[in-house]
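S.K.: everything below, folded, please.
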Amino acid sequence: MGTVNEDIQSALNKHLSLMTPTMAIAWENKEYVPILNTPYLKTWLMPGETTRVTLGPNGFEAYVGVFQIDCLYPIKQGWYPAKAKAGAICTQFKTGTLVTYNSVEVRIIRSYPERGDVDGPFYKVPVSIYYQCFSND
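M.R.: Numbering: from 1, shown residues only. I've put the predicted structure just below:
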């Protein structure tokens, strides 16, 4: 069993990997070489400050942060494919969704697509997924 932060990332990664149809995912700090003209997703976790929310020897801490997913699609093919995938990701991680890993429960607070932009040979639409987790481990 990992730390709470490791379990949070594992829970979010696992939930993303359950999406269908499947497509290549460049996981954080894993080697991935993009293939021209082939869409893929790119992820990383941006944890926020952990806050103690109850007192006592078994007090709870609140873990918050953002799970970032970039939808990367070939340029010059319009906005629709990347934004449609971003919308599907927001549906997969809709407000209130609960994901778990090693009994650590992570609640999705909100998710939304951000502004699209050209990133080299790809058109990128980032999706920000805000999460919260309470633990006394």
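S.K.: who does V118 form a beta bridge with?
M.R.: Applying DSSP bridges to V118 gives these bridge partners: Y123.
S.K.: and it, how many neighbours?
M.R.: 10 (other Cβ atoms under 10 Å). The way it works is simple: take the backbone N, C-alpha and C, and place the C-beta from them, glycine included.
S.K.: equivalent analysis for the one 3 residues further on, please.
M.R.: As a burial measure, P121 scores 12 neighbours (other Cβ under 10 Å).
S.K.: what's near enough to touch it?
M.R.: Going by Cβ atoms under 8 Å, 6 or more residues apart in numbering, P121 touches P34, L36, P74, I75.
S.K.: again, only using 6 Å
M.R.: L36, I75 (Cβ atoms under 6 Å, 6 or more residues apart in numbering).
S.K.: in the sheet, who's paired with V104?
M.R.: Y101.
S.K.: let me fix that, I meant to ask about C133.
M.R.: Y63.
S.K.: isn't it up against I108?
M.R.: No - using Cβ atoms under 6 Å as the test, C133 is too far from I108 to be in contact (10.5 Å).
S.K.: how near is T38 to I108?
M.R.: Plainly put, T38 is 28 Å away from I108 if you go by Cβ to Cβ, to the nearest Å.
S.K.: and K30, by the same measure?
M.R.: In terms of Cβ to Cβ, K30 sits 23 Å off from I108.
S.K.: mind checking which of the two has more residues around it?
M.R.: Using other Cβ under 10 Å as the criterion, K30 and I108 rank with I108 on top: 21 against 8.
S.K.: now the phi/psi pair for the more buried one, please.
M.R.: Here is the backbone geometry of I108 (degrees, to the nearest 10): phi -80, psi 120.
S.K.: residue contacts, it?
M.R.: If you count contacts by Cβ under 6 Å, 6+ apart, then I108 has F93, T97, Y131 around it.
S.K.: would you mind measuring from the nearest residue to the second one once chain neighbours are set aside to C90?
M.R.: Nearest-residue entry for T97: I108, 4.2 Å, with adjacent residues in sequence omitted and distances by Cβ to Cβ, 6 or more residues apart in numbering. When Cβ to Cβ is applied, the distance between I108 and C90 equals 10 Å.
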